[in-house]
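1. Turn this into a structure:
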Amino acid sequence: QVQLVEFGGGLVQAGGSLRLSCAYSGRTFSNNAMGWFRQAPGKEREFVAAVSWDGYSRDYADSVKGRFTISRDNAQNTIYLQMNSLKPEDTAVYYCAAHRSYRSYSVRTNDYYYWGQGTQVTVSS
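-> The predicted model follows:
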């Protein structure tokens, strides 16, 4: 059974930092792009960051560029999202996801097939 489990969410003041982790099990995703997405109340799920299977390509939403960093550790079956200079508008449920295709790369939500259950991030002003 494939599982992706996110850790590290919580409540933080504006300007603070959080580090999200996503551990996956049940199969390897070392040949799949991985991504982070988020969904705020009343809004659609949106792309936050993605990293290619080999770690060489990374993309970020304009709203988080320069503040968030995505990384992966294939040996540990884990991906991370370091979030700095957090803003109240970053408040959302954050999901990690694995791309559906072998060694393909994109940032489209529909291209990601395996999803975690999400972790809440709340940034107070």
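
2. going forward, measure contacts between C-alpha atoms and count neighbours the same way
-> Will do.

3. so where do the strands sit in this protein?
-> Per DSSP state E, the chain has strands spanning 3-7, 10-13, 18-25, 34-39, 46-51, 58-60, 68-73, 78-83, 92-99, 112-115, 119-124. These are given in chain order.

4. Give me the below-cutoff pLDDT ranges for the chain.
-> For the chain, no stretch has pLDDT under 70.

5. What about residue 83, how many residues nearby?
-> Residues within reach of residue 83, counting by other Cα atoms under 10 Å, total 20.

6. Touching, it and residue 21? I think so.
-> No - here residue 83 does not reach residue 21: they are 11.1 Å apart, not a contact under Cα atoms under 8 Å.

7. and the nearest residue to residue 124 once chain neighbours are set aside, what does it touch?
-> Once flanking residues are discounted, residue 124 sits nearest to residue 13: 4.8 Å by Cα to Cα, 6 or more residues apart in numbering. Contacts here follow Cα atoms under 8 Å, 6 or more residues apart in numbering; on that basis residue 13 touches 86, 123, 124, 125.
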